[in-house]
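Participant: Got a sequence here, can you build the structure:
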Amino acid sequence: MSNDIITVATFDSLQEAYFAKSLLESHGLDVFLTNENAMRVLMHPHLSGGIGLLIAKDDLDVAREVLATINDG
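Facilitator: This is a model prediction of the structure:
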C-alpha cells in the first residue's frame, strides 16, 4: 500500500467540496481538503487556488468512479 496522497479534484466552492468529500467518505475513503480555511478568508477561489480534495493514491480509481456519479445525475 502506498502512502502517497494526491489531489483527485479541485472545487471553486466550499459546498461542492464538502459534498464530494461526504460522498467519498460514505464509500469508505479517507478524504482531506486543502485551502479550506483560505477559501473562507479570501472568499475567492482563484486567490486561494481552489479547494483540493485529497485521497490516498491507492484509492484513485474508486474515487474517480464515485465522483463521476456527481456529473451523471
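Participant: Could you use CA atoms for every contact and neighbour count after this?
Facilitator: Fine.
Participant: Do I have it right that Glu36 meets Gln15?
Facilitator: No: assessed by Cα atoms under 8 Å, Glu36 is found out of contact with Gln15, at 10.7 Å.
Participant: Between the two, which has more neighbouring residues?
Facilitator: Comparing Glu36 with Gln15 by other Cα atoms under 10 Å, the one with more neighbours is Glu36, at 18 against 10.
Participant: can you tell me which residues contact the residue nearest to the spatial centre of the chain?
Facilitator: When the chain is reduced to its mean C-alpha position, the closest residue under Cα atoms, centre = their mean turns out to be Leu53, at 2.1 Å. Shown in contact with Leu53 (Cα atoms under 8 Å, 6 or more residues apart in numbering): Thr7, Val8, Ala9, Thr10, Phe11, Ala17, Lys21, Val31, Phe32, Leu33, Thr34.
Participant: That one in helix, strand or coil?
Facilitator: Put simply, Leu53 is strand when judged by DSSP: H, G, I helix; E, B strand; the rest coil.
Participant: which residues sit in contact with Ile51?
Facilitator: With Cα under 8 Å, 6+ apart, Ile51 has these contacts: Thr10, Phe11, Asp12, Ser13, Leu14, Ala17, Leu33, Thr34, Asn35, Glu36, Met39, Pro45.
Participant: please redo it, this time with the cut-off set to 6 Å
Facilitator: Contact analysis of Ile51 by Cα atoms under 6 Å, 6 or more residues apart in numbering lists Thr10, Phe11, Thr34, Asn35, Glu36.
Participant: Determine which two of those are furthest apart.
Facilitator: By the measure Cα to Cα, Thr10 and Glu36 form the most distant pair in the contacts of Ile51, at 11.1 Å.
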